[in-house]
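S.K.: need a 3D model of the sequence below.
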Amino acid sequence: MAIKIEILDATSGKFEEIAILEKLVRSYKGTGTYLEGLFSNNLLGWFRNQVHDDFTGDIMDALEGSHADLARNNTDKVSLRNEIDGYKKRMSDLEYMHGCEIRKYQKEIESLESRIEHKQAYLERVIAENTVMRNNLNAEVLTYI
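M.R.: A predicted model of the protein is given here:
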């Protein structure tokens, strides 16, 4: 099967670029090839959103950025947990000396724990989104193996 694709340049419009990807998706649908898994409706939807928002269509960059963001957030979470542990130890030491300072550290701990909860919620959301994307890609690829 051969398809004819017009080569675009920087003067091409968004709709022309999306139309080419739509043509590829339609052309490979039902072929049972690896390219059918790549040129999927999921990719088309993601690409449309990227183009609509004037972002790059580099899917590998998006996936790598997502993984880097997860790693950064996990590192932040560990760092915040270590900071909390340090405050807890300091609080214990101060219980004998300065009762009034304890409230200050308790509020700081609550603030840090709240930040951890936000980081955890973000991590879980991104992991869930990546899992859905990976499962969709895996399901498409497995149908051709």
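
S.K.: got the domain ranges for this structure?
M.R.: Taking automatic domain parsing as the domain assignment, the ranges for the chain are 14-52, 59-134.

S.K.: highest mean neighbour count out of those domains?
M.R.: Per residue and on average, the most neighbours among these fall to domain 14-52, with a mean of 15 (mean count of other Cβ atoms under 10 Å). Bear in mind the C-beta positions are built from the backbone N, C-alpha and C, glycine included.

S.K.: what about the helices in this protein?
M.R.: Under the criterion DSSP state H, the chain contains helices at 14-28, 34-38, 41-52, 59-95, 99-142.

S.K.: can I get the ones you listed in TSV with mean pLDDT?
M.R.: Conversion of the helices of the chain to TSV gives the following (pLDDT from 0 to 100):
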stretch	mean pLDDT
helix 14-28	86
helix 34-38	85
helix 41-52	86
helix 59-95	86
helix 99-142	86
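
S.K.: gap between the residue at minimal distance from the centre of the chain and N136?
M.R.: Most central in the chain under Cα atoms, centre = their mean is S66, positioned 3.7 Å from the mean C-alpha point. The gap separating S66 from N136 is 15 Å, by Cβ to Cβ, to the nearest Å.

S.K.: sorry, back to before: need the helices of the chain in JSON lines with distance to L8, can you?
M.R.: What follows is the helices of the chain, written out as JSON lines (distance: least, Cβ to Cβ, whole Å):
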{"stretch": "helix 14-28", "distance to L8": "6"}
{"stretch": "helix 34-38", "distance to L8": "19"}
{"stretch": "helix 41-52", "distance to L8": "12"}
{"stretch": "helix 59-95", "distance to L8": "18"}
{"stretch": "helix 99-142", "distance to L8": "26"}
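
S.K.: which one of these lies nearest to I7?
M.R.: Distance to I7, taken as Cβ to Cβ, is lowest for helix 14-28 among the helices of the chain, at 9.2 Å.
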